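1. got a predicted structure here, sequence first:
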Amino acid sequence: MSATPPASVVVFMVLWTALAAGSAAFLRLSRNARLKRRVFPWIMVATGALFVVAIATTTGSTRRPALLLLFAVTAVAVFGLNIRTTRFCGACGRTVFNQPLLTTKASHCPYCGAKL
């Protein structure tokens, strides 16, 4: 007995994997900090929208689809904080992740020491 997933789940997984691999490669390999600053918010919006659409299309048969959708929107809002905390070094072009959210932001790049 083989259970095949619905087509919407397969499409979601393919899109999610492509978006994750593409954005990770772009953020890791590109040294153009200016381009990263322009593109990164759109990557985060696309990822969040894809997640909400996936939850919305797959929760129709559950008992509480509105609660799951509320959870998805809340999770996307929290993940959206990455836009605020991720920085890009203008000197070396590296992506600087994991900046403290509630404390002061790093003022220098941990890779080359340049001022952010």
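-> Thanks, I have it.

2. what is the burial count for V78?
-> A count of nearby residues for V78, using other CB atoms under 10 Å, gives 10. For every residue, glycine as well, the C-beta is placed using N, CA and C.

3. show me where the protein has helices.
-> Taking DSSP state H as the criterion, the chain contains helices spanning 7-29, 33-58, 65-79, 81-85.

4. most packed of those helices?
-> helix 33-58 (a mean of 15; mean count of other CB atoms under 10 Å).

5. mind checking how far T4 is from V10?
-> 9 Å (CB to CB, to the nearest Å).

6. hmm, I typed the wrong one, I wanted Y111.
-> 39 Å.

7. what do you get for I43?
-> 22 Å.

8. repeat for F97
-> F97 is 30 Å from V10, by CB to CB.

9. what's the answer for G22, then?
-> In terms of CB to CB, G22 sits 18 Å off from V10.

10. taking the centroid of this protein, which residue is nearest it?
-> M44 (4.1 Å; CA atoms, centre = their mean).

11. in contact with the spatially closest residue to that residue that is not a sequence neighbour, which residues?
-> Distances taken as CB to CB, 6 or more residues apart in numbering put I83 closest to M44, at 5.2 Å, once the chain neighbours are dropped. I83 sits next to 40-41, 44 when contact means CB atoms under 8 Å, 6 or more residues apart in numbering.
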